[in-house]
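Enquirer: Provided below are the primary sequence and the corresponding predicted coordinates.
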Amino acid sequence: MSSQYNPDELEALEWLNAEFFTDLLKQHENVPELIVTDLKLSPASSQGDHYASVMFRAAVEYTTLKGTFSKSLIIKTMPKQGGQKKQMLDDSHIFHTEIAMYTKVLPKFEEILRKVGDNTRLCVPCVYHSLEPRQVMVFDDLVPQGYQVIRERSATIDEIHAALEKLAKWHAVSQKLLKDQPELFHKLQYNLSTLPNFLNKSFLTNALPNFIYMLNERESLQKYKKYFDSMRKDLIQKWADSLGEYHKNPRDSSLYVLCHGDFHIRNLMFKDNSCMFIDFQLSHVGPLVNDFLYAMYMFFGPEERGSRRDELITYYLQAFVDTLQKIGSQAKTPSFEEFQSQLIDNKYNEFMLLTTFLPIQIAFRKNAIDPLRRRTNMYNDKDYQEEVEYLLNRMHQLGYFKEV
């Protein structure tokens, strides 16, 4: 059973004890006489669900003058064990970003939506947060409320619609606030590529060579090899530049919003056809299309990336425009053609997702164990190769390779 979980979540941290939860619940519920009577800790997620933290589930029983109660909580904190993961996260801004998101940014978004009669919940309540003496956040557990992470299957079209509608609302409100209250976003400038030493990780640096080798081995794909050969030296940097564009090199032609930053299937929880977003450690201001691109490769299934792609863009844009109108924003709203043009403008982001992230996502969905260690096998996957051929043909028709 231990192979189902991240190794650093198999042993609870010593400070996650009855004293910690007693103090936390006394403060949260404003009940000074509260006493924790039982505490059970377990891993809160499966292997591959997340990387930038360790997470535990706490089943807490406690008493007050009003009786006996129980509560399930999720604890997110930094890894205790040494190694590359801890070194990378120790010097990152992920907890500063996520605390800002839960305490300042998302409540402001929800406030604006409430004023126009929209009761959309963008996040689960944060029960407790701290940066000192340790970086930790505690949330209500969504599982007892009926929410689940999707594993070992693709999302249904109704689930995708629910997520895109909520994302469109998020983007619309953020676009308005980015103009009206830009100071709200000053600290949200760190994305996946800015994690310390992340751009040097072998799963990134080895991906494009493996992809090019695969193109060369499949006759129908050999015609694309020359384009990706030309990207060997700078694809990773161009991807990073796309993520950090707003802060480093903003363009007049781009539309900017607050991006979730890691909008993949494991960072969404579903109950029936409603969804809740989780994990805002990489949220940052960036191009409007970047979250949609990431969702295409890390959330959608093959059909949605393929034959239903334009339909989903239209669905997202309609929800985006409707929300802008509802909240009284005069911001520019992109047409389908303008959105498609911006996707092409950010083509190196999509090339990176196709060559590096999609094979990993497919491997996880097939329940491969630690696919990061089986990079070559991932590129030999028949489903991946067939999808690459479809997507590259489509990119070629749309002009992705004209200036490569």
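Expert: Nice, I can see it.
Enquirer: next helix or strand past the one helix or strand residue 60 maps to?
Expert: Assigned by DSSP states H and E, residue 60 belongs to strand 54-64. The helix or strand immediately downstream of strand 54-64 is strand 67-77, counting by DSSP H and E.
Enquirer: can you list the residues that contact the strand holding residue 60?
Expert: 6, 8-9, 12-13, 16, 21-22, 25, 29, 31, 33-45, 68-80, 141, 143 (Cβ atoms under 8 Å, 6 or more residues apart in numbering). In this view, the C-beta of every residue, glycine as well, is placed from N, C-alpha and C.
Enquirer: Could you count how many residues lie near residue 38?
Expert: Counted by other Cβ atoms under 10 Å, the residues lying close to residue 38 total 11.
Enquirer: residue contacts, it?
Expert: Contact partners of residue 38, counting by Cβ under 8 Å, 6+ apart, are 59-61.
Enquirer: Apply 7 Å and report the result again.
Expert: Contact criterion Cβ atoms under 7 Å, 6 or more residues apart in numbering gives residue 61 as the residues in contact with residue 38.
Enquirer: right, and residue 384 touches residue 361 too?
Expert: No. Applying Cβ atoms under 7 Å, one finds residue 384 not in contact with residue 361, separated by 9.5 Å.
Enquirer: Now, of the contacts of strand 54-64, which are buried?
Expert: Buried residues within the contacts of strand 54-64, defined by neighbour count using 16 or more other Cβ atoms under 10 Å: 6, 8-9, 12-13, 16, 21-22, 25, 31, 34, 36, 39, 41, 43-45, 71-79, 141.
Enquirer: Stretch 97-111 - what's its average pLDDT?
Expert: Looking at stretch 97-111 alone, the average pLDDT works out to 96.
Enquirer: Likewise for stretch 298-307?
Expert: 95.
Enquirer: Need the contact partners of it.
Expert: Counting by Cβ under 7 Å, 6+ apart, the neighbours of stretch 298-307 from elsewhere in the structure are 154-155, 160, 163, 263-265, 296, 312, 357, 361, 387, 390-391.
Enquirer: Give me the subset of the residues you listed lying in helices.
Expert: In this view, the contacts of stretch 298-307 that belong to helices under DSSP state H are 160, 163, 296, 312, 361, 387, 390-391.
Enquirer: which of those residues sit farthest apart?
Expert: Comparing all pairs in these by Cβ to Cβ, the longest separation belongs to 163 and 390, at 23.0 Å.
Enquirer: Buried only: go through the contacts of stretch 298-307 for me.
Expert: 154-155, 160, 163, 263-265, 296, 312, 357, 361, 387, 391.
Enquirer: returning to that earlier point: can you tell me which of the contacts of strand 54-64 are in helices?
Expert: Judged by DSSP H, helices contain the following of those: 21-22, 25, 29.
Enquirer: Just send those residues back as CSV, with pLDDT and distance to residue 123 too.
Expert: Putting those into CSV (pLDDT from 0 to 100; distance: Cβ to Cβ, whole Å) gives the following:
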residue, pLDDT, distance to residue 123
21, 97, 22
22, 97, 26
25, 96, 20
29, 92, 20
